[in-house]
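Undergrad: quick one, fold the following:
(2 chains)
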Amino acid sequence: MTSWSNSPFPGVVDIGTLGPAGRTLGENTGESRRVVELSNHPGWLLKEYYTPATPTDIRRLDELIELPRRMGSVDLAMVNRATGWPVARVTRGGGTVGVVLPLAPARFSAEFRLPSGKPQVRTLLIDLLAMPDAYLTERGITGQAPRDRMAVCANVAAVGALFERHHLVYLDWSYANIFWSRVDHCVFVIDIDGCSFGPRLQTENINWSDPLVPRKHMAGIEVDRYRVALLTARCLTGRRETPAATAALEALAAQDGTTTEAITRLVVQAVSATSLDGRPKLAELHGALARAVQGSGGTWQPTVEPPPDGVKEWREIRPPAAASAPPDQPPGQPSRPAQPAHPGGSPETGSPETGSPETGAGIVLVVTVVVVLIVILVLVFKH
Amino acid sequence: MTEQSPPQSTVKCLPTYVLIDISSSMKPSEDVLNETLEHLYNELVMSPRISEFAHISIISFSTDAHVILPMTDLQQLNRLPLLACNGVTDFGKAFRQLRACIEQDVPALRSPGRAVLRPLAFLLTDGQPTDPDGWATDAWRPDYQALVDPDWRRRPNIVTFGFGDATADILSEIATKQGAAFLAEERGKDKDALKRIFVTLLNTLVASARENELRLPTDVDGFIRVSPEVVD
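TA: Numbering: from 1, shown residues only, chains lettered A, B, ... in the order given. As a prediction, the model looks like this:
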């Protein structure tokens, strides 16, 4: 599986060095001129824009490509597992013409049954989860129980919360930009290269219009909160019209009681708030969904369990008695996050790593000795 | 002070018509035509985000025009037409049939909370308009003018695709927007041209569904954009 962390590309790459294009995954679908596989780099895609990127977009793309380097291990794991995060900016003749992206893993595809009865392997878009079970089963896909739908929604909200933590505005929540797996209910979010650091002009996205932020107005994370909440309502209920989806969700909560009550409250709050700051954070929605899934007794694979607010990652602490002994990793204990093998293979240069307890104590001892020596010397010379 | 809920956003839909030339000159491409139609249908049926936005109807035309796929819920459809190509190329009848369909379909699509966008029509042809005897004719123009009459509020946007013996001037005259007429670069490769047209058609619907407005293809592989402004 290709991902940001195992990218073999430098941060900026000339299109001529990428080699020939392979299979076309999409062309002229509104987002880009084309998306193609790179024949010489299996598992990697070239997304080519309609027009060269502006200087502002170039700076934004570079920052976006570098951002995971500054993330903690948990967020980085989510980037790798649940997103098609851009790994390189592609240039041609000095202009930026696209980006390199990882290909979504095969588990986000399934064999469908066409109306003719013929089988066809297709990507599992969230478009399909926002439909009733009968729609899925008619197409050869197993119907999704409420806890399955909640699990997918929890993973979507987890990615949204990741963007929120890093002050990214995505806006592009739509039926076509999220893949899901019916095996482990993981998700894969694409079109990350459109993210901005802070608000940007609202994009029109049919059937996802934000009633508080019209087209051509500045749109921030609040719009993401609205759209993820709306997506949650649609996927949990299989109803796509906004009023019907929220009404159906309320009916579900009335039936299920506490299991979905918190989710429903947050979704309805996000969708019907009369002010932007009335919309709950995505971390809250994720928490409610995750708790509901765990409480339902179902098994699911969280995309990655995100850290609580304010926690970048977890680090091991050794008990003082074992401080002098060489570290011996007990089986089953989580290991320290690996350094990302990213652009140029350079090690993580983000926040400075803090030292181990043994090194800190040693430094204190040396400093103490030096100070004592200086005091002694002063006293000797004085006398 | 009581808080009011914010207004709910309106769902939009795009009535979409595909006018397919099935005159006798299309006979060699009949199989490809039927295959690509089935492919288009499959993509729409498997993509609720497109089919809830783009409501499709297919009109075939040669000596006569027929609605071979009425604007209906594709999910309810249980059969697809297999087209047979023969006859002349009567554009006038195609435009009359299209206007009649729009008059019937658009009111039926309207409902509370749903707005109907200006209809979009794709015209696919491999030749020039002819009379019942197969001679080139201008007799189609009055029907075309009635279809695109500025005083008719439901007049459609028209995108034209031509290959084989189709001509740039007719295609660009019929297309209602600048840059919405495409002519195959290579003659004699009609099957390839047809496949690319249907891919473009689908991509146009996907792009338009995303953007809430008509998003014309910027370029079509193997086709040139034709414009009445280009005289040489």
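Undergrad: longest strand in chain B, by residue count?
TA: In chain B, taking DSSP state E as the definition, the longest strand is strand B:11-21.
Undergrad: check which element follows that one along the chain.
TA: helix B:30-45 (DSSP states H and E).
Undergrad: now do that following helix against strand B:11-21, angle only.
TA: 170 degrees (axes from the mean of the first three to the mean of the last three Cα atoms, to 10 degrees).
Undergrad: could you list the buried residues of helix B:30-45?
TA: B:Val32, B:Leu33, B:Asn34, B:Thr36, B:Leu37, B:Glu38, B:Leu40, B:Tyr41, B:Asn42, B:Glu43, B:Leu44, B:Val45 (16 or more other Cβ atoms under 10 Å in any protein chain shown). From N, CA and C alone the C-beta is placed, and that goes for glycine too.
Undergrad: what do you get for stretch A:156-170?
TA: Buried-residue list, stretch A:156-170, by 16+ other Cβ under 10 Å: A:156-166, A:168-170.
Undergrad: and stretch B:104-119, by the same measure?
TA: B:Asp105, B:Val106, B:Leu109, B:Val116, B:Leu117, B:Arg118, B:Pro119.
Undergrad: may I have the residues that are in contact with the closest residue to the fourth one other than its chain neighbours?
TA: Excluding the flanking residues, the one nearest B:Val116 by Cβ to Cβ, 6 or more residues apart in numbering or on different chains is B:Leu109, at 4.9 Å. Residues near B:Leu109 by Cβ atoms under 8 Å, 6 or more residues apart in numbering or on different chains: B:Cys13, B:Pro15, B:His55, B:Met71, B:Val116.
Undergrad: same thing but 10 Å
TA: B:Cys13, B:Leu14, B:Pro15, B:His55, B:Met71, B:Ala115, B:Val116, B:Leu117, B:Pro119 (Cβ atoms under 10 Å, 6 or more residues apart in numbering or on different chains).
Undergrad: same deal with A:Leu231?
TA: A:126, A:129-130, A:152-153, A:156-157, A:160, A:173-175, A:178, A:208, A:245, A:267.
Undergrad: so where does it fall, helix or strand?
TA: Per DSSP H and E, the secondary structure element for A:Leu231 is helix A:221-237.
Undergrad: and that helix, how far from the chain's centre?
TA: Distance of helix A:221-237 from its chain centroid, counting by Cα atoms, centre = their mean, to the nearest Å, is 16 Å.
Undergrad: which helix or strand lies directly C-terminal to that helix?
TA: Counting by DSSP H and E, what follows helix A:221-237 is helix A:242-256.
Undergrad: list the buried residues for that following helix?
TA: A:Thr242, A:Ala245, A:Thr246, A:Ala248, A:Leu249, A:Glu250, A:Leu252, A:Ala253.
Undergrad: let me know the pLDDT of the first one.
TA: At A:Thr242 the predicted local confidence, pLDDT, stands at 71.
Undergrad: that one touches A:Ser209, doesn't it?
TA: Yes. Between A:Thr242 and A:Ser209 there is a contact under Cβ atoms under 10 Å: 9.3 Å.
Undergrad: and the helices in the chain, which stretches?
TA: By default, I'm working from chain A. Along chain A, the stretches classed as helices by DSSP state H are A:55-66, A:73-82, A:126-129, A:133-138, A:146-165, A:221-237, A:242-256, A:258-272, A:282-295, A:357-382.
Undergrad: to clarify, I was referring to chain B.
TA: B:30-45, B:48-51, B:91-109, B:141-147, B:168-174, B:190-211.
Undergrad: need the ones you listed in CSV (columns: distance to A:Cys235).
TA: Shown next, in CSV, are the helices of chain B (distance: least, Cβ to Cβ, whole Å):
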stretch, distance to A:Cys235
helix B:30-45, 20
helix B:48-51, 12
helix B:91-109, 26
helix B:141-147, 41
helix B:168-174, 43
helix B:190-211, 18
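Undergrad: now for these, which one comes closest to A:Thr260?
TA: With Cβ to Cβ as the measure, helix B:48-51 is the member of the helices of chain B nearest A:Thr260 (23.5 Å).
Undergrad: picking that back up, how near is the residue nearest to B:Val116 to chain A?
TA: 15 Å (Cβ to the nearest Cβ, to the nearest Å).
Undergrad: out of the helices of chain B, which is closest to A:Ala82?
TA: helix B:48-51 (20.9 Å).
Undergrad: for that closest one, the averaged confidence score.
TA: pLDDT averaged over helix B:48-51 gives 87.
Undergrad: distance from the chain centre to it, please.
TA: 17 Å.
Undergrad: go on, stretch B:148-159?
TA: Computed by Cα atoms, centre = their mean, the separation of stretch B:148-159 from the middle of its chain amounts to 13 Å.
Undergrad: any residue of it touching chain A?
TA: No. Figure legend: stretch B:148-159 not in contact with chain A (Cβ under 10 Å from any Cβ of the partner chain); closest approach 13.0 Å.
Undergrad: show the end-to-end separation of that stretch, please.
TA: With Cα to Cα, to the nearest Å as the measure, stretch B:148-159 spans 13 Å from end to end.
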